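Visitor: below: sequence and its predicted model.
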4 protein chains.
Amino acid sequence: MDQIVNVDEFQELAKQALPKMYYDFYNGGAEDQHTLNENVQAFRRIMFRPRVLVDVSNIDMSTSMLGYPISAPIMIAPTAMHKLAHPKGEIATAKAAAACNTIMIVSFMSTCTIEEVASSCNAVRFLQIYVYKRRDVTAQIVKRAEKAGFKAIVLTVDVPRLGRREADIKNKMISPQLKNFEGLVSTEVRPNEGSGVEAFASSAFDASLSWKDIEWLRSITKLPILVKGLLTREDALKAVEAGVDGIVVSNHGARQLDYSPATITVLEEVVHAVKGRIPVLLDGGVRRGTDVFKALALGAQAVLIGRPIVYGLAAKGEDGVKKVIDMLKNEFEITMALSGCPTIDDVTRNHVRTENERIKSML
Amino acid sequence: MDQIVNVDEFQELAKQALPKMYYDFYNGGAEDQHTLNENVQAFRRIMFRPRVLVDVSNIDMSTSMLGYPISAPIMIAPTAMHKLAHPKGEIATAKAAAACNTIMIVSFMSTCTIEEVASSCNAVRFLQIYVYKRRDVTAQIVKRAEKAGFKAIVLTVDVPRLGRREADIKNKMISPQLKNFEGLVSTEVRPNEGSGVEAFASSAFDASLSWKDIEWLRSITKLPILVKGLLTREDALKAVEAGVDGIVVSNHGARQLDYSPATITVLEEVVHAVKGRIPVLLDGGVRRGTDVFKALALGAQAVLIGRPIVYGLAAKGEDGVKKVIDMLKNEFEITMALSGCPTIDDVTRNHVRTENERIKSML
Amino acid sequence: MDQIVNVDEFQELAKQALPKMYYDFYNGGAEDQHTLNENVQAFRRIMFRPRVLVDVSNIDMSTSMLGYPISAPIMIAPTAMHKLAHPKGEIATAKAAAACNTIMIVSFMSTCTIEEVASSCNAVRFLQIYVYKRRDVTAQIVKRAEKAGFKAIVLTVDVPRLGRREADIKNKMISPQLKNFEGLVSTEVRPNEGSGVEAFASSAFDASLSWKDIEWLRSITKLPILVKGLLTREDALKAVEAGVDGIVVSNHGARQLDYSPATITVLEEVVHAVKGRIPVLLDGGVRRGTDVFKALALGAQAVLIGRPIVYGLAAKGEDGVKKVIDMLKNEFEITMALSGCPTIDDVTRNHVRTENERIKSML
Amino acid sequence: MDQIVNVDEFQELAKQALPKMYYDFYNGGAEDQHTLNENVQAFRRIMFRPRVLVDVSNIDMSTSMLGYPISAPIMIAPTAMHKLAHPKGEIATAKAAAACNTIMIVSFMSTCTIEEVASSCNAVRFLQIYVYKRRDVTAQIVKRAEKAGFKAIVLTVDVPRLGRREADIKNKMISPQLKNFEGLVSTEVRPNEGSGVEAFASSAFDASLSWKDIEWLRSITKLPILVKGLLTREDALKAVEAGVDGIVVSNHGARQLDYSPATITVLEEVVHAVKGRIPVLLDGGVRRGTDVFKALALGAQAVLIGRPIVYGLAAKGEDGVKKVIDMLKNEFEITMALSGCPTIDDVTRNHVRTENERIKSML
């Protein structure tokens, strides 16, 4: 595994390791996959303004999220059904996250139960949730999470309907029965036509969910609530008004509305609207330590890593996930050193130049 | 056919189904085909500003055109000679349009007669016309259309001369005898050199047509008149002054003047000039439900679909046309849901960001 | 030849017809050939603003240059050594130009003599000249041109040193003995290393030429003088001050200074500086009738065609040259019709939109 | 060798001549190699504004650096371990530099000793240095350089940590024992995993180096001190404040922080900050005489050539290095002639147009 030098190289290994249907499921974006490509390319249009001759002999990447210390501003995004990637599923991912002292956001569509993950190893974890038409099911899961020691709820708000992932449609992607919901909801769909995951989502997810339902969620848990899936200042303001405890700027890994903006291009819009009142996180397209640095410079408190974690898991299980996190942390550390930023607080907006400034400097 | 997941995939099937001359005829654009490519690419440079946590459990795509209700703002553009694509020709297309509750604009160069199309199924249809040097011929066809129940006339104004479609020139494209004109005009040209369609057009079309001729057309029909082929604010103002009932922003599927602007890039210029006085429609490059949404957000009341209809017809006849319309409607519906727009009226300019705003936001 | 539908298609035929050394000589640009590519691409970034419903039944492309009528604003640029392309050399080109009622600018490096070209057919021609270190040679040629009925002198001013055309260097391009200079100057160089053409140029051309030498040229001829090779407003103002009779905005077909701007991108800078006091012409990258229209809209009075003429000559001799000119005229005519411009005077700045306006419209 | 027409062509020869590990070592950039590509591409986005009819019969490229005359503003950048490219190593490079009357900046990681280089031929040379944790080692080398007649010290300030060059990691690049440090420091690392060069650097280099250490360096040498590796106005101002004698705008050949800006895009920012108080040099992506001209027009006093020198050395030893310098000088001379600039002082900001002006001219 020491021959793997960056997270992208895990993608090829995952492709070889996984059945086509599962690889396509993780890899696919919505429709033309324009946003899927933009999520990565938008980071590459941002350049650095590194400062030299700063004592960077000691780099401290540590930070915190909702008061919980993390070794670096690099957390694990909620991604579904890890057992499709590796027999040990979310437990392997959780152990790697714990070993790396970072926070894993466990997916509502996890193939291990909340309890199995919680008991696998001692670490801070959040739970991502969808609000089903059957609100009782969501409420039960939230309660079980609270009981199992999860520290926050991450409400995904950009899936009133599942986006059109055309590979899943062609592959007639199967929705398996998820252990978390055994006895609650049948999540299994083996379709004759179209994606089984899409069929299950459109049957189960509550497309009527609206801002007023934040209160409902607040009423059933004392855990902090983050909303994941915002891309505009208008919605960021509503989130603050609704009293949520954090925002994840996200386009769902480009799997929902194609031609949604790359997350890094709208991060500042959200950060400026929030004015520091609550933490803003970002996911979508983070492949390099340099990407982590750029997100922080533009106002994110931490980034979430999606696909690379799954590729690491598919290729080498828990070790693969650990290697992905460690590579990103190592690259991020070198980026801080070469930018002249010994600590997270040293990373400022002035250390990066987006297309904006490049054009503004032209005027 | 359930393996086809988007309208572009019909293009490949049509290519296999059609003789090269006919596929080239439908597929070809003028000269370098720069505008042909731009029509599609310009849509891709427009990104969304989706809003979340809006009750989108019920999406209503329905709208109307000239007072006639349509199931979605997705109509069928006039495209010539459907029998070159499928034995049933325009009748198959008309039946599919009727089944989808949308309006078909039948081409003046249709291979079925106006009467055959009208009697094929009960639906609202408009007729696209060219003004021939022999105005009596155009007048007769308009009268027959009125009699056959067509609800509007769409005057194409961007073909004083036929654009240079170089594949047709190389293929010595044949202009067949059109049943609508039997006993009126011989439309058949089997050229030794160059395109027969071009030869017929330059012999028949009245290149002297000008704004004053709108009055003439108004004098021979009570039907509402739309003009198709405008690309500038100056001409939009003239159209309003001339009292037409609607405008189709179009560059004739990039088949006339190469380096005409992509229609979506000049839609706003026309919409701002028209100031809501008459409906503005758009054709050119619409391949996705996301494209439909973008055109509406920029001010179009509906879009017209050209090539994808012909590809669907060539591949699978009436079912193919129906599948194309249904796919676009389904994609458009999901786009409305994922953008937080339950109805057409909810779609606003603020839901999209063109290259303009991206640059303006940079300043 | 009727299967050739645009001037670019002659390039492939010329490549097949010519020995590699000669094809490379005509085709090559300086160094990275960045400007060679830009000359063509820059035209493609300019879009049209066509007007419809204008009587274009009669299109008049005719115009004039220095008072001499031409059938269209499409003249022949001076390109060297036509006998390397076709045995009949410049005589074939001259006959084609005459047949098309346009002006040929004969190259100072022509392989036919001035007298042979003049006596080949009755037409208006200009002579392009270089000022040799041996000014007497240039003076003699100018006098012979005046005697042979040439109507203007086009002084090329961008070759104090020959640009580095790397194919010619690799091919050890031979500089043949030119009949015009027999008994005057030995132009023949068969190099062991590097380009023979470059070797001859650096031995013969006067690198000390400066604006004051316009007076010298004025002193030896009564013919109008055009300067070819300007790219800046500063030099355009100097040209007007020096009393020249016209300017050709040119980067020598991208064969001199690589990274010179594409001519169409600096045409307006020159036109604005000249303020209509003298005609401004343009060469460089014109391949389409649409390019001719764009150059006129941005202020050029006519364009010069370089490589396509040579490709036509190499492929099909006089007929090939004629076909190139006719194709460009035919495309230009259709562009005028489809833009709503019956005459040259109708072509205005408002009929095109450069990258400038596209960005300005964004602000 | 006369068939080689530009410096890029030496790269292919070097690739054939060198073992893969060594070619990858010289060729590699950090991580995605985005900046590696940008360093070259950014030059290509800059166009010229050439002036004509200027007496350029005599071109004088000569200039000076820190008072030492050089034949052209083209110096040799410090690049490591020339014996990996050619048995004669830095001596071959030094002889070529001397023959071309330009200044070689010898690398601190040179495979020949300072004394061997100094005694190889009579020429002005500077020494590039890193500050090791063991400052005594750096001090000794500086003293030996002073004694051996080196005329300036170039302090590289952008390597507190070595950048991640992924080819070196995969190749387990070996760090050899360098003769300069025999008996001082063991530089040899033959790693089982990762790059040996990176391992040595992280063990030896002082990551705590900061602006206050300029004083320390000033205290151990009377030689002028240049700092190499600045990319921002903020650091340029600090350099001037720290009293250094010159700045090299550099991103270390894109081998340190990927997504650092291309040097030519930040040269003006540094030049404007420095206001002429000290000379500003540039390295990174210079492949053409046109690049040299562009750097001068934007305010650099000279450029440093890195990789092309090593490729010339690897392909043809001393002659190869000489040919690289001569080709760049020859191209630069022609660029001055074709731009209308007889001397270095004639090269002004107005002779080039960056993307900035192109956009500003649009407003």
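Guide: Noted; the coordinates are in hand. What you are looking at is a predicted structure, and each value in this text was computed from that prediction instead of being measured. Residues are numbered from 1 along each chain as shown, chains lettered A, B, ... in the order given.
Visitor: mind listing what the residue of the stretch 1-150 of chain A found nearest chain B touches?
Guide: Closest residue of the stretch 1-150 of chain A to chain B, C-beta to the nearest C-beta: residue A:34 (5.8 Å). In this view, the C-beta of every residue, glycine as well, is placed from N, C-alpha and C. Residue A:34 makes contacts with A:258-259, B:44, as judged by C-beta atoms under 8 Å, 6 or more residues apart in numbering or on different chains.
Visitor: report the separation between the closest residue to chain D within the stretch 151-300 of chain A and residue B:239.
Guide: Closest contact between the stretch 151-300 of chain A and chain D, by C-beta to the nearest C-beta, is at residue A:290 (5.1 Å). For residue A:290, the distance to residue B:239 equals 52 Å [C-beta to C-beta, to the nearest Å].
Visitor: which stretches in chain A count as helices?
Guide: All helices of chain A, identified by DSSP state H, fall at A:8-17, A:20-27, A:34-44, A:89-99, A:114-120, A:135-147, A:166-171, A:196-204, A:213-220, A:233-241, A:263-274, A:289-297, A:307-339, A:355-360.
Visitor: make CSV out of those and add distance to residue A:78 and mean pLDDT.
Guide: Output for those, formatted as CSV (distance: least, C-beta to C-beta, whole Å; pLDDT from 0 to 100):
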stretch, distance to residue A:78, mean pLDDT
helix A:8-17, 18, 97
helix A:20-27, 13, 98
helix A:34-44, 16, 98
helix A:89-99, 10, 98
helix A:114-120, 12, 98
helix A:135-147, 12, 98
helix A:166-171, 18, 98
helix A:196-204, 15, 97
helix A:213-220, 16, 98
helix A:233-241, 18, 98
helix A:263-274, 15, 98
helix A:289-297, 18, 98
helix A:307-339, 10, 98
helix A:355-360, 30, 71
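Visitor: pick the most buried one from those.
Guide: helix A:289-297 (a mean of 28; mean count of other C-beta atoms under 10 Å in any protein chain shown).
Visitor: check which helices and strands it sits against.
Guide: helix A:34-44, helix A:263-274, strand A:302-305, helix A:307-339, strand A:352-353 (3 or more C-beta pairs under 8 Å, 6 or more residues apart in numbering or on different chains; DSSP states H and E).
Visitor: what about residue A:131, neighbour count?
Guide: Other residues near residue A:131 come to 25 when the count uses other C-beta atoms under 10 Å in any protein chain shown.
Visitor: from memory it sits against residue A:210, does it?
Guide: No. Under the criterion of C-beta atoms under 8 Å, residue A:131 is not in contact with residue A:210, lying 10.3 Å apart.
Visitor: that older thread, closest one to residue B:182 among the helices and strands packed on helix A:289-297?
Guide: When the helices and strands packed on helix A:289-297 are compared by C-beta to C-beta, helix A:34-44 sits nearest residue B:182, at 47.6 Å.
Visitor: what about residue A:84, how many residues close to it?
Guide: Neighbourhood size, residue A:84 [other C-beta under 10 Å]: 21.
Visitor: whoops, I mixed them up, residue A:192
Guide: Per other C-beta under 10 Å, the neighbour tally for residue A:192 reads 7.
Visitor: give the contact list for it.
Guide: Shown in contact with residue A:192 (C-beta under 8 Å, 6+ apart): residue A:172.
Visitor: ok, it to residue B:6 distance?
Guide: Distance from residue A:192 to residue B:6, by C-beta to C-beta: 20 Å.
Visitor: and what of residue A:286?
Guide: Residue A:286 sits 28 Å away from residue B:6, going by C-beta to C-beta.
Visitor: the closest residue to residue A:60 other than its chain neighbours: neighbouring residues, count only.
Guide: Excluding its sequence neighbours, the residue lying closest to residue A:60 (C-beta to C-beta, 6 or more residues apart in numbering or on different chains) is residue A:343, at 4.8 Å. Other residues near residue A:343 come to 14 when the count uses other C-beta under 10 Å.
Visitor: I'd say residue A:343 and residue A:55 touch.
Guide: No. Using C-beta under 8 Å, residue A:343 makes no contact with residue A:55, being 11.5 Å away.
Visitor: residue contacts, the spatially most central residue of chain A?
Guide: Centrality entry for chain A: nearest residue to the mean C-alpha point is residue A:77, 2.7 Å, by C-alpha atoms, centre = their mean. Residue A:77 makes contact with A:105, A:253, A:283, A:304-306, A:309 under the criterion C-beta under 8 Å, 6+ apart.
Visitor: how about the nearest residue to it, chain neighbours excluded?
Guide: residue A:304 (3.5 Å).
Visitor: bridged to the one you found, which residues?
Guide: With DSSP bridges as the criterion, residue A:304 is bridged to residue A:75, residue A:283.
Visitor: so it makes contact with residue A:248?
Guide: Yes. Here residue A:304 reaches residue A:248: they are 6.6 Å apart, a contact under C-beta under 8 Å.
Visitor: okay, and the common contacts of those two?
Guide: Both residue A:304 and residue A:248 are contacted by A:281-283, under the criterion C-beta under 8 Å, 6+ apart.
Visitor: residue A:69: which of those residues is nearest?
Guide: Closest to residue A:69, out of all of these and judged by C-beta to C-beta, is residue A:281, at 15.7 Å.
Visitor: the closest one and residue A:126, how far apart?
Guide: Residue A:281 is 11 Å from residue A:126, by C-beta to C-beta.
Visitor: could you name every residue contacting both of these two?
Guide: Common contacts of residue A:281 and residue A:126, defined by C-beta under 8 Å, 6+ apart, comprise residue A:226.
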